[in-house]
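1. here's a sequence, model it:
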Amino acid sequence: MNEQHTTDKAVAIIYDAEKSSAPRVVASGKGEIARKIIETAREAGVYIQEDPDLVELLAKIPLGQEIPAELYRTVAEVLAFVYKVNEQFKNKLKG
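-> Sure thing, here's the model as predicted:
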């Protein structure tokens, strides 16, 4: 999930390798909608990444559409970080 909560925009993405070849935009909005996206993500325990530039780019993608190839590397870096954080969290719970 990639969102910006220091201003009034948020974008949520999902990646399911079994269903699509690239991450897709599943929610996007400004103001109250952005706050609801962030609140829902927090309640679900979804990692929130703040990146104003990336949010601006992702906000231009229609809902349900895969991200363009030009953003693969940037989004892959975010997802790699998220996976690493998730693994560290799982390891802390085991220990």
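2. report pLDDT for residue 45.
-> The score at residue 45 is 84. That number is its pLDDT.
3. could you do residue 91 as well?
-> 75.
4. got a list of what the closest residue to residue 21 other than its chain neighbours touches?
-> Nearest non-adjacent residue to residue 21, counting by CB to CB, 6 or more residues apart in numbering: residue 66, 6.9 Å away. (Glycine included, C-beta is placed from N, CA and C.) Contact partners of residue 66, counting by CB atoms under 8 Å, 6 or more residues apart in numbering, are 20, 21, 22, 23, 24.
5. from residue 9, how far off is residue 66?
-> 20 Å (CB to CB, to the nearest Å).
6. now the helices for the protein?
-> 31-44, 52-59, 72-94 (DSSP state H).
7. any idea which of those helices is most buried?
-> helix 52-59 (a mean of 16; mean count of other CB atoms under 10 Å).
8. below-threshold pLDDT in this protein: ranges please.
-> 1-7, 95 (pLDDT under 70).
9. make it 90
-> Across the chain, the ranges flagged by pLDDT under 90 are 1-8, 14-17, 19-21, 44-52, 72, 74-95.
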